[in-house]
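Visitor: Sharing a model prediction with you, sequence too.
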Amino acid sequence: MQGLFREVAEEFPRRKLRNFFSRQYRSAALLLGASEALDPTAEDVGRRLKLLTRGRGVDAAVEVSGSSQALQEALRGIAFGGTVVCGAFPPPYPAGLDLGAEAHMNCPQILFSRATSDPNREQPRWDAMRIEEECLHLIEQGHVQGFSIIDRIVPFADLREEYKLTMKNPSRTVKLGVVFPVAGSEHGGG
């Protein structure tokens, strides 16, 4: 898989564009290599994606916030036949999500991610074990790192309360890191 991504990246160079409501998320995206991090509260992201690609639109848009507005922008900003990946597990979308106009004109492929379920779309070539092994390999080789997105580290004992606070105010953190208790330890640690 790593070789395939490298081949595709060399063959079809693209700028990495990100669309985030939170300033923290936009900053992390830029640290992780995004060319631009777009603010949907300050501009029309679907239109901007078209402008940044000389009217073509992006090949793929990955929407992970669960926001219907962000999904709408993804549908508007992709190229004809592009792919929109819904990576969140959102609550029901409110009325107003338009799967007509832009979606009809752009003919998107809409995928819902579930990398932790087997069988997945890529079975039997890719199963949970192979995905995990490849991810660990990419981390070990230094190709992927998560330090820029883990901005809060909490003890496991506090996780339930921290998660509730984060769900109430998603801009509070990008991602939580968790220190799990060590077997036989009274206080946990890691």
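Guide: Cool, the structure landed.

Visitor: Would you pull up how far stretch 52-60 lies from the middle of the chain?
Guide: 18 Å (Cα atoms, centre = their mean, to the nearest Å).

Visitor: before we move on, what about stretch 101-121?
Guide: In terms of Cα atoms, centre = their mean, the gap separating the centre of stretch 101-121 from the centre of its chain is 14 Å.

Visitor: Export the longest helix belonging to the chain to PDB, keeping only CA atoms.
Guide: With secondary structure taken from DSSP state H, the chain has its longest helix at helix 128-140. Written as PDB, here are the backbone C-alpha positions of helix 128-140 (Å, rounded to 0.1, in the frame of the first residue of the first chain):
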ATOM      1  CA  ALA A 128      -8.000  -5.500  10.000                       C
ATOM      2  CA  MET A 129      -4.700  -7.200  10.600                       C
ATOM      3  CA  ARG A 130      -3.100  -6.000   7.400                       C
ATOM      4  CA  ILE A 131      -4.500  -2.400   7.900                       C
ATOM      5  CA  GLU A 132      -3.000  -2.400  11.500                       C
ATOM      6  CA  GLU A 133       0.300  -3.800  10.300                       C
ATOM      7  CA  GLU A 134       0.600  -1.200   7.500                       C
ATOM      8  CA  CYS A 135      -0.300   1.700   9.800                       C
ATOM      9  CA  LEU A 136       2.300   0.600  12.400                       C
ATOM     10  CA  HIS A 137       4.900   0.200   9.700                       C
ATOM     11  CA  LEU A 138       4.200   3.800   8.500                       C
ATOM     12  CA  ILE A 139       4.500   5.100  12.000                       C
ATOM     13  CA  GLU A 140       7.700   3.200  12.700                       C
END
